[in-house]
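Visitor: quick one, what's the 3D model for this:
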Amino acid sequence: MSHSTHDPVNEPRAGPTLCQHESDGIQEYDNPMPLWWSGLFWVTIIFSVGYAMYFSWGVGPSSQQEYQDELGGFYLEQAQKLGDLQPDRATIDSLMHNDKMLKAARGLFLSNCAVCHAADGGGLTGPNLCDGSYLNIKKLEDFYSVISNGVVPKGMPAWDKRFIPAQRVLLAAYVASLRGTTPAAPRAPQGTEVPPWDAK
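Guide: Numbering: from 1, shown residues only. Model (predicted):
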């Protein structure tokens, strides 16, 4: 009786398959990519889609917005070193002509107010801030009050818990400085026309 022998150790094993193409008589083996490499490749692709959606398609803040926030924070620190900013006409008028302080306020405006008033102040769900007609403003100092207390029936929140007084004074100056600028898509005027701030 013959017995078949099976030697798994010395049994020939199938080697990698040669690819059909060649170059100058040189062929390469058809070796699959390691699993970890393929997994990393697909994770990178999925991450890049999420990254593009967040930073390029308006889901998250743009690099320009982050820059404005940081710049505004820096100038706010500089403003705080000047001491308390009083919400009176003289202080607000002075800040309206201070480019550095307006840059600080612009960062605050873009981060918190532009969602309703548009980045250029032309108005979205909130009113146009550039045309000189206002719903709740009769004098320069009123900007501080409206920012602090909000207009809750109209959907504007009070910002007195979010911003310190110096920030609210800066925002008041910035919003007042938007008067006379030309937004890209302005809403129609609302409220009452108010005399220019420099009118006596």
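Visitor: C-alpha only now, for contacts and for neighbours.
Guide: Noted.
Visitor: shaky segments in the chain?
Guide: 1-16, 55-62, 68, 71-73, 75-76, 78-83, 199-200 (pLDDT under 70).
Visitor: let's see that with 80 instead.
Guide: Judged against pLDDT under 80, the low-scoring parts of the chain cover residues 1-25, 29-32, 51-84, 104, 199-200.
Visitor: walk me through the domains of it.
Guide: The record's domain parsing of the chain by automatic domain parsing lists 17-60, 63-193.
Visitor: next, format these as JSON lines and append mean neighbour count.
Guide: Shown next, in JSON lines, are the domains of the chain (neighbours: other Cα atoms under 10 Å):
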{"stretch": "domain 17-60", "mean neighbour count": "11"}
{"stretch": "domain 63-193", "mean neighbour count": "18"}
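Visitor: tell me if I'm right that Ile92 and Val175 touch.
Guide: No. In this structure Ile92 lies outside contact range of Val175 using Cα atoms under 8 Å: 10.3 Å.
Visitor: by contact count, what packs against the top helix by length along the chain?
Guide: The longest helix of the chain (DSSP state H) is helix 35-55. Counting contacts by 3 or more Cα pairs under 8 Å, 6 or more residues apart in numbering; DSSP states H and E, helix 35-55 is packed against no other helix or strand.
Visitor: and it, how far out from the chain middle?
Guide: Taking the mean of its C-alpha atoms, helix 35-55 sits 23 Å from the chain's own mean (Cα atoms, centre = their mean, to the nearest Å).
Visitor: and the gap between Asp198 and Asn136?
Guide: 19 Å (Cα to Cα, to the nearest Å).
Visitor: Ala90 versus His97, what's the distance?
Guide: 11 Å.
Visitor: this structure: helices as residue ranges?
Guide: Under DSSP H, the chain gives helices at 35-55, 63-80, 89-96, 99-112, 114-117, 142-149, 165-177.
Visitor: OK, contacts around Asp131?
Guide: By Cα atoms under 8 Å, 6 or more residues apart in numbering, the contact set of Asp131 is Arg179, Gly180, Thr181, Pro189.
Visitor: I'd say the first one and Leu129 touch.
Guide: This means Arg179. Yes. The pair Arg179 and Leu129 passes the contact test of Cα under 8 Å, sitting 6.5 Å apart.
Visitor: what residues do the two have in common as contacts?
Guide: Common neighbours of Arg179 and Leu129, counting by Cα under 8 Å, 6+ apart, are absent.
Visitor: what sits against Thr44?
Guide: For Thr44, no residue meets the contact criterion (Cα under 8 Å, 6+ apart).
Visitor: swap that for Asp142, please
Guide: Counting by Cα under 8 Å, 6+ apart, the residues that Asp142 touches are Asn136.
Visitor: could you redo the last one with a cut-off of 6 Å?
Guide: Applying Cα atoms under 6 Å, 6 or more residues apart in numbering to Asp142 gives no contacts.
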